[in-house]
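Asker: The following comprises the amino acid sequence and a computationally predicted model.
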Amino acid sequence: MGLTAQDLQKMWSECYIENFIPEMLGILEHVESLDPLKTIVEIGTGLGGSARVWEAVLPPGEGMIIGVDKMGDIVERWTGKVEAYTTCSPCRVGNWEVEWEKGPIVKFKSDRQVYLVKGDSSSPETAEIVRGILDGRQADFLFHDGAHWFQTACWDYELFQDMLRTQGLLCVADIGGLTEDPMSGCQAVYYALPEPKSPKVRNHNQGMGIWYKQEDFVFDAQETIDRFQVVGTDDELQARRVAIGLPNQHEQDRLAELERQRNK
Ligand SMILES: C[S@@+](CC[C@H](N)C(=O)[O-])C[C@H]1O[C@@H](n2cnc3c(N)ncnc32)[C@H](O)[C@@H]1O
């Protein structure tokens with residue numbers, strides 16, 4: 001049996017997870033069905049709470065998680081030495097212990113192989129460091145929960161796509177609805193991917209984009225940025241959304257709000 005809401009609640013109380021439990025369960029339905037499931041890469045780790053979830057679903061020994069985060073005090077966050085800037089309670093800290101730290105790479109104590117790479121995920125140097133740790137392996141699951149800006153989210157996926165195996169799972173967090181951004185980079189990545197894909201919107205105002213990597217599709221960051229990024233008035237943004245076949249933002253917000261109310 002997979003992880004339950006009670007398991008996640010316990011993890012959350014010991015190591016703060018920034019995503020809500022129902023949406024983590026929604027992602028887990030996909031993650032726990034992956035075969036094989038040995039390697040996970042997470043872009044944007046927060047305090048290491050979601051990494052605790054990934055640790056729990058991986059096999060001891062060969063199971064490997066590599067997180068990437070650029071926050072200056074990210075190791076202090078993972079190890080509970082600083083609190084997150086959030087109003088959530090009761091726990092806003094991480095509970096990891098460092099095994100060793102070499103330059104931008106930190107290894108944490110675990111019976112799985114847990115690494116954190118300190119760096120900007122949208123820079124080729126950071127991607128190269130992750131590739132080095134993978135050492136020929138490919139990820140079965142790539143979780144994008146980092147920056148939402150156009151340039152960052154798009155370059156993140158362009159740089160990391162070859163590290164995800166064919167039929168591996170990509171989950172892009174916060175793909176739409178109730179966002180101040182008319183179109184975020186996360187939405188752009190998600191909408192640029194070919195069908196089939198199934199967005200998960202569960203008890204959260206944005207939604208998680210789910211997609212299984214297709215062998216013959218290569219994501220092009222610059223092309224996606226040029227196609228989706230719009231700078232203009234609200235009306236111009238809406239017109240552009242319609243022209244490129246995206247849902248009307250207001251309608252998307254309304255549906256997301258309905259979903260949120262239903263799940264309350
Ligand atoms: C929403 S939090 C991640 C939450 C975490 N996955 C969880 O579920 O607990 C987003 C994280 O992305 C990181 N981030 C933002 N921009 C980034 C970038 N360009 N490179 C790497 N990390 C980035 C932030 O420092 C932050 O810790």
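Answerer: Done, it's in. Numbers count the residues shown, from 1 in each chain.

Asker: Low-confidence stretches in the stretch 151-264 of the chain?
Answerer: Within the stretch 151-264 of the chain, the stretches with pLDDT under 70 are 176-183, 199-206, 230-232, 234, 237, 241, 244-264.

Asker: how about a cut-off of 90?
Answerer: 151, 174-188, 191, 196-208, 225-264 (pLDDT under 90).

Asker: Show me the helices in the stretch 151-264 of the chain, by range?
Answerer: For the stretch 151-264 of the chain, helices defined by DSSP state H, counting those that start in this stretch occupy the ranges 185-192, 221-228, 234-243, 249-262.

Asker: in the second one, what's buried?
Answerer: It refers to helix 221-228. 221, 224-225, 228 (16 or more other CB atoms under 10 Å). Heads up, the C-betas are built off the backbone N, CA and C, glycines and all.

Asker: For the residues you listed, give me TSV that also has distance to residue 105.
Answerer: Converted to TSV, the buried residues of helix 221-228 look like this (distance: CB to CB, whole Å):
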residue	distance to residue 105
221	25
224	29
225	30
228	33
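
Asker: Export the residues you listed to CSV and append columns for distance to the ligand.
Answerer: CSV is the format used below for those (distance: CB to the nearest ligand atom, whole Å):
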residue, distance to the ligand
221, 13
224, 17
225, 15
228, 19
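
Asker: any idea which of those is closest to residue 187?
Answerer: Using CB to CB, residue 228 comes nearest to residue 187 of the buried residues of helix 221-228, at 7.6 Å.

Asker: Nearest residue to that closest one in space, please, no chain neighbours.
Answerer: Distances taken as CB to CB, 6 or more residues apart in numbering place residue 188 nearest to residue 228, at 4.0 Å, with adjacent residues excluded.

Asker: For that neighbour, which residues are in contact?
Answerer: For residue 188, the contact set (CB atoms under 8 Å, 6 or more residues apart in numbering) comprises 150, 153-154, 224-225, 227-229.

Asker: Of these, which pair is most distant in space?
Answerer: Based on CB to CB, the longest span within those runs between 153 and 227 and measures 13.8 Å.

Asker: secondary structure element for residue 42?
Answerer: If you go by DSSP states H and E, residue 42 is part of strand 39-43.

Asker: which residues touch the helix or strand following that strand?
Answerer: Per DSSP H and E, the first helix or strand lying C-terminal to strand 39-43 is helix 49-57. Applying CB under 8 Å, 6+ apart, the contact partners of helix 49-57 are 2-3, 7-8, 11-12, 14-19, 24, 28, 31-32, 37, 40, 42, 45, 63, 65, 67, 78, 94-96, 110, 112, 114, 116, 141, 143, 145.

Asker: Helix 49-57 relative to strand 39-43, how many degrees between them?
Answerer: 170 degrees (axes from the mean of the first three to the mean of the last three CA atoms, to 10 degrees).
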